[in-house]
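Engineer: generate coordinates for the sequence data below:
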Amino acid sequence: MTASSVSADPFTTETPLSLLYPDLEQELATTRRILERVPDGKEDWRPHDKYMTLGVLSNHVAQLPGFGIMMVTTDEFDRASGPPQQANAANSAERLKVFDEVSTKLKQLLQTLTWDKAMLPWRFKFGDRVIVEGARAKLIRTMVITHIAHHRAQLGVYLRLLGVPIPGSYGPSADEPRPS
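Structural biologist: A predicted model of the protein is given here:
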């Protein structure tokens, strides 16, 4: 075996952003496309009494990258001290502005995230009760990136029920023409 055939240690050649979140740009771009479709004037609409309103859900989706900012810049969040500070966007333009701001800041912070900091524990707690604790890098994946995709899918259902064309997420949607 030659030295050139031995692969380098990925922790010395790759950043946490490039190795752990190579899909971040795509996920954020897809999320922005669906947020662009949220119609103004329907913020109080919900498909069922047990569901969030369109306004609450779309604001939550728009602000989720901000939770990632908190995870990179703090070691824990205690929900007992109150909810995270959030803007209450009244329309799609405001929502997109919030989303663009927090997405840009999150990407900047993840570009400087070191392996040491990525592997440190981060905690989400409610008073003395720890809800979740784990390596910051893993929790950013599950509590931010995957969480965004989950709520983006819910938002797609809301938009479908409102008759709004859905953009594709991982390929074309039923509302977009397939490439020839």
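
Engineer: need the strands for the chain, in chain order.
Structural biologist: With DSSP state E as the criterion, the chain has strands at 76-78, 121-126, 129-135.

Engineer: among those, which comes closest to Val102?
Structural biologist: For the strands of the chain, the distance to Val102 is smallest for strand 76-78, at 15.3 Å, taking C-beta to C-beta. C-beta here means a position set from N, CA and C on the backbone, and glycine is covered the same way.

Engineer: pull up the pairing partners for the closest one, direction included.
Structural biologist: strand 121-126 (parallel) (DSSP bridges).

Engineer: avg pLDDT for the strand it pairs with?
Structural biologist: For strand 121-126, the mean pLDDT works out to 96.

Engineer: so it versus strand 129-135, what angle?
Structural biologist: 160 degrees (axes from the mean of the first three to the mean of the last three C-alpha atoms, to 10 degrees).

Engineer: dump the strands of the chain to JSON lines, plus mean neighbour count and distance to Thr104.
Structural biologist: Putting the strands of the chain into JSON lines (neighbours: other C-beta atoms under 10 Å; distance: least, C-beta to C-beta, whole Å) gives the following:
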{"stretch": "strand 76-78", "mean neighbour count": "16", "distance to Thr104": "21"}
{"stretch": "strand 121-126", "mean neighbour count": "16", "distance to Thr104": "22"}
{"stretch": "strand 129-135", "mean neighbour count": "12", "distance to Thr104": "25"}
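
Engineer: may I see these organised as a markdown table, with distance to Ala87 added?
Structural biologist: Output for the strands of the chain, formatted as a markdown table (distance: least, C-beta to C-beta, whole Å):
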| stretch | distance to Ala87 |
| --- | --- |
| strand 76-78 | 18 |
| strand 121-126 | 21 |
| strand 129-135 | 24 |
